[in-house]
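Visitor: just to be clear, the model below is a prediction. Sequence and coordinates:
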Amino acid sequence: MTLTVLAPDGVPEVRAGDDLTALLLTALTPVDGDVALVTSKVVSKAEGRALPAADRVAAVEAELAEPGARVVARRGPTTIARTRTGLTLAAAGVDASNVEPGTVLLLPLDPDGTARRLRREIAERTGANVGVVVTDTAGRAWRTGQTDIAIGAAGVLVLDDHAGRTDAHGNELAVTAPALADELAGAAELAQGKLAGRPFALVRGRAGLVLPAGEDGPGAAALLRAEGEDLFGYGAREAVVRALAGDPADRRPFGAPASEGEMAAAVTQVLGAAPDAVDGTLVCRPDPRLGPLTFAHGWTVEEGAEKAVIRPATP
């Protein structure tokens, strides 16, 4: 297999209201089966998402005030946030690089919608059936450095679920699912660079990933884990604080309630003694640590003078 990535120089500064499709087609000539990649930065500029902001922190706090957004973790000046669209990014995606001084860029309002529009316009103007991916830069848990990921997509397979397939040794795969759109974004970034002014790229050689004309697919939204499905819904410190505070609104990021066995194991580890299982509940001695412990596991506790009764939280 041969994979070719094209990322041309000479793209002018993008301004609010610019025709991104025209700019892309001036720089590149897509053909059937290509995947066109566009950085979120130029999408945001064209869509007028640049704001005057001397204080980036204030812009981040404004994004966190949007419905559905929340803090995942804070470490000093660094904030990791889940945005209103479900992306988990540093500074809620607010970007102060490669923009005019005194301004910041917010993420595109609807990256999948932008990808669908670009795909449609490319087809209308060239006749080419291409996939489109809108990219952004993100850090990764457990790893130093950043890489580009897909935050919007249209007309391209974004995920290849291998569950149920077997490998060359006959082992059945259960959770393997390459994030194809993210891999395309990373490949494009190798050619685009961060400071070279190359916001557009074409990946050629993976036509099998491009959907038939008229089929946009689920978009990059399909790569987002639903709230509560991620094992790392909060940072380590934030999880402790949220569990101790015990606000019912904070339950969801902890995920589905733990099984009885998991809850019993946690109680045993903390108290040093196993609880008794009684009619779907766990009974043990009272302890002030049981409140946050059960909260984090999706259970509740009722404590009396002699015993504590632990049961799954009601929805």
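Guide: Noted; the coordinates are in hand.
Visitor: helices or strands up against the helix or strand where residue 115 lies?
Guide: Per DSSP states H and E, residue 115 falls inside helix 111-126. If contacts are counted by 3 or more C-beta pairs under 8 Å, 6 or more residues apart in numbering; DSSP states H and E, helix 111-126 sits against helix 20-27, strand 35-39, helix 40-46, strand 131-140, strand 143-154. To be clear about C-beta, it is placed using only N, CA and C from the backbone, and glycine gets the same treatment.
Visitor: residue closest to the middle of the protein?
Guide: The chain has residue 87 as the residue nearest its centroid, 3.4 Å off, counting by C-alpha atoms, centre = their mean.
Visitor: what's the spacing between residue 243 and residue 296?
Guide: 4 Å (C-beta to C-beta, to the nearest Å).
Visitor: before we move on, back to that, so which of the helices and strands packed on helix 111-126 gets nearest residue 14?
Guide: Across the helices and strands packed on helix 111-126, residue 14 has its closest neighbour in helix 40-46 (4.3 Å, C-beta to C-beta).
Visitor: kindly export that closest one (C-alpha atoms) in PDB.
Guide: The C-alpha trace of helix 40-46 is given here as PDB (Å, rounded to 0.1, in the frame of the first residue of the first chain):
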ATOM      1  CA  SER A  40     -10.100  23.600  13.100                       C
ATOM      2  CA  LYS A  41      -8.100  26.800  13.400                       C
ATOM      3  CA  VAL A  42      -9.000  28.000   9.900                       C
ATOM      4  CA  VAL A  43     -12.600  26.700  10.300                       C
ATOM      5  CA  SER A  44     -12.900  28.800  13.500                       C
ATOM      6  CA  LYS A  45     -11.400  31.900  11.800                       C
ATOM      7  CA  ALA A  46     -13.700  31.600   8.700                       C
END
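Visitor: what does that helix contact?
Guide: Residues outside helix 40-46 that contact it (C-beta atoms under 8 Å, 6 or more residues apart in numbering) are 11, 14-20, 23, 50, 93, 95, 98-99, 105-108, 111, 114, 134-136, 151-152, 199-200.
Visitor: this structure: helices as residue ranges?
Guide: 20-27, 40-46, 56-64, 111-126, 180-192, 236-245, 260-271, 290-296 (DSSP state H).
Visitor: which residues does the first one contact?
Guide: Judged by C-beta under 8 Å, 6+ apart, the contacts made with helix 20-27 from elsewhere in the structure are 8, 10-12, 14, 36, 38, 42-43, 46, 118, 121-122, 125-126, 200.
Visitor: go on, stretch 284-291?
Guide: 244, 246, 267, 270-271, 273-276, 301, 303-308, 310.
Visitor: endpoints of stretch 190-210, how far apart?
Guide: Its start and end residues considered, stretch 190-210 measures 21 Å (C-alpha to C-alpha, to the nearest Å).
Visitor: list the buried residues in that stretch.
Guide: For stretch 190-210, a neighbour-count test (16 or more other C-beta atoms under 10 Å) marks 191, 192, 198, 199, 200, 201, 202, 203, 204, 206, 209, 210 as buried.
Visitor: that stretch - what's its average pLDDT?
Guide: The pLDDT scores in stretch 190-210 average 94.
Visitor: also stretch 85-96?
Guide: 94.
Visitor: that older thread, and the contacts of helix 40-46, which of them are buried?
Guide: 11, 14, 20, 23, 50, 93, 95, 99, 105-108, 111, 114, 134-136, 151-152, 199-200.
Visitor: and the angle from the helix holding residue 115 to helix 20-27?
Guide: 50 degrees (axes from the mean of the first three to the mean of the last three C-alpha atoms, to 10 degrees).
Visitor: which of the residues in helix 111-126 are buried?
Guide: For helix 111-126, by 16+ other C-beta under 10 Å, it's 111, 112, 114, 115, 116, 118, 119, 120, 121, 122, 123.
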